[in-house]
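*Asks:* Need coordinates for the following:
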Amino acid sequence: MPVLNEVDYLEKAVHTVLSQHIDEPTELVLALGPSTDGTTQLAERLASDDDRIRLVANAAADIPVGLNRAIAAGRYPTIVRVDAHSELEPDYTRRALATLAETRAANVGGVMRADGRTPFQRAVARAYNSPIGLGGGAYHGGAVAGPAESAYLGVVRRSVLEEIGGFDETVRRGEDWELNLRIRRAGYTVWFDPDLSVTYWPRESWSRLVRQFTATGIWRGELVRRYGRRNPPRFFAPPALVVAVVLAIVLGALHAAGVLAGVWRVLAWLAYLPVVAYLLLIGVVAARGSGTLRERAWFAVVLPSMHLAWGAGFLRGLVRGGGGAVDTSRLRRNTPLP
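*Replies:* Below you'll find the model as predicted:
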């Protein structure tokens with residue numbers, strides 16, 4: 001479990017891991033980034049209370065670095081990746097091990113079920129769980145078990161991880177997709193099991209959500225630079241939306257200034273249609289959803305925020321690469337990464 005500034009979530013996440021209904025011996029290795037909110041002290045207290053918890057340092061705070069260090073420190077042949085912002089169902093590990101054995105897959109993942117504690121977080125959770133939210137990947141609500149492109153978190157065989165070289169530490173976001181691509185290219189199967197469920201708690205504020213999705217988009221652009229058409233078409237929808245919005249704004253300004261005439265005015269009106277259709281879709285989905293009026297209003301804000309931040313980040317990453325871009329949404333204000 002890579003950990004950075006998770007004082008509000010860590011204890012419950014650790015509890016759900018250590019409470020798994022499983023007969024095999026287990027351990028939980030926490031890769032501790034340079035937290036500033038008391039997370040490290042909490043982790044040390046939890047480790048002192050349970051000898052199954054082990055701590056390793058992750059001074060760089062990068063997720064793939066922390067994962068590799070935690071895996072290297074582990075002692076067992078199966079690796080269960082977990083997240084400090086998630087909670088496992090009690091039978092998650094037992095079910096995953098059974099699925100690994102039945103399918104002979106290298107990696108098994110299930111459904112990410114987002115949830116929230118506040119109106120804003122519940123709105124974000126609804127956006128995560130919506131088919132139009134995160135692109136329709138199997139782990140965002142699939143119902144049919146079978147081979148998959150990637151796995152959320154994942155329960156993976158150590159022997160396969162060692163064979164392919166573990167997580168790529170040059171990929172700061174999207175490291176799970178990149179890992180599963182290499183697993184599949186090595187001839188192994190990644191398996192989706194809809195009976196596996198993990199509760200995920202999204203970011204708690206709009207600014208953190210935007211920072212998270214911008215960083216994720218940047219690194220998806222980098223992965224497109226590296227792997228091209230191996231990226232599924234759905235990843236290109238958010239940047240297409242950004243291009244459509246920018247085009248509509250530019251043409252709208254020219255239209256208002258009277259610069260456009262004749263057929264160009266007609267083309268300008270046509271350019272508005274995709275943006276208008278998108279806004280209508282957001283409005284209809286928001287209005288028909290469950291939850292309070294405040295939650296539905298937040299949904300209408302967070303869904304386009306996610307899409308536009310991701311899309312803008314993607315275009316930046318496609319042009320400039322990932323470079324030194326990091327996800328700062330876990331950092332406390334004015335706290336730089338080392």
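*Asks:* for the chain, what helix or strand is lowest in average pLDDT?
*Replies:* The weakest-scoring helix or strand in the chain, judged by mean pLDDT, DSSP states H and E, is helix 263-288 (a mean of 87).
*Asks:* quick one: low-confidence parts of this protein?
*Replies:* Within the chain, the stretches with pLDDT under 70 are 135-142, 332-338.
*Asks:* Next, R113: phi, psi?
*Replies:* Dihedral pair for R113: phi -110, psi 100, per degrees, to the nearest 10.
*Asks:* those strands in the stretch 101-250 of the chain, which residues are they?
*Replies:* 107-114, 146-147, 155-157, 190-200 (DSSP state E, counting those that start in this stretch).
*Asks:* returning to what we had before: name the residues of the least confident helix or strand of the chain that come out as buried.
*Replies:* Neighbour-count burial for helix 263-288, with 16 or more other Cβ atoms under 10 Å as criterion, is recorded at A268, A271, Y272, P274, V275, Y278, I282, V285, A286. Where C-beta positions appear, they are placed from N, C-alpha and C, glycine not excepted.
*Asks:* Closest one of the residues you listed to A101?
*Replies:* Minimum distance to A101 across the buried residues of helix 263-288 is 40.2 Å, recorded for V285 (Cβ to Cβ).
*Asks:* The closest one reaches I132, doesn't it?
*Replies:* Yes - at 6.7 Å, V285 and I132 qualify as touching, with contact defined as Cβ atoms under 8 Å.
*Asks:* Overlap of the contact sets of the two?
*Replies:* L303 (Cβ atoms under 8 Å, 6 or more residues apart in numbering).
*Asks:* L209 - nearest residue in space that isn't next to it in sequence?
*Replies:* Excluding its sequence neighbours, the residue lying closest to L209 (Cβ to Cβ, 6 or more residues apart in numbering) is R203, at 4.4 Å.
*Asks:* again with A13
*Replies:* That would be A84: by Cβ to Cβ, 6+ apart, it lies 5.0 Å from A13.
*Asks:* which strands and helices sit next to the helix or strand where E44 lies?
*Replies:* Assigned by DSSP states H and E, E44 belongs to helix 39-49. The helices and strands touching helix 39-49, judged by 3 or more Cβ pairs under 8 Å, 6 or more residues apart in numbering; DSSP states H and E, are helix 10-18, strand 28-32, strand 53-57.
*Asks:* mind putting these in a markdown table, distance to R113 and mean neighbour count included?
*Replies:* Converted to a markdown table, these look like this (distance: least, Cβ to Cβ, whole Å; neighbours: other Cβ atoms under 10 Å):
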| stretch | distance to R113 | mean neighbour count |
| --- | --- | --- |
| helix 10-18 | 13 | 18 |
| strand 28-32 | 21 | 24 |
| strand 53-57 | 25 | 16 |
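*Asks:* between these, which one is nearest to V210?
*Replies:* That would be, of the helices and strands packed on helix 39-49 and by Cβ to Cβ, helix 10-18, which comes in at 23.9 Å.
*Asks:* before we move on, back to that, next, format the strands of the stretch 101-250 of the chain as a markdown table and append mean neighbour count.
*Replies:* Shown next, in a markdown table, are those (neighbours: other Cβ atoms under 10 Å):
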| stretch | mean neighbour count |
| --- | --- |
| strand 107-114 | 25 |
| strand 146-147 | 12 |
| strand 155-157 | 24 |
| strand 190-200 | 21 |
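*Asks:* got TSV for those, with distance to D49 too?
*Replies:* Converted to TSV, these look like this (distance: least, Cβ to Cβ, whole Å):
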stretch	distance to D49
strand 107-114	29
strand 146-147	41
strand 155-157	26
strand 190-200	23
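*Asks:* I'd like to know which of the ones you listed is closest to R225.
*Replies:* Between the strands of the stretch 101-250 of the chain, strand 190-200 lies closest to R225; by Cβ to Cβ that is 22.6 Å.
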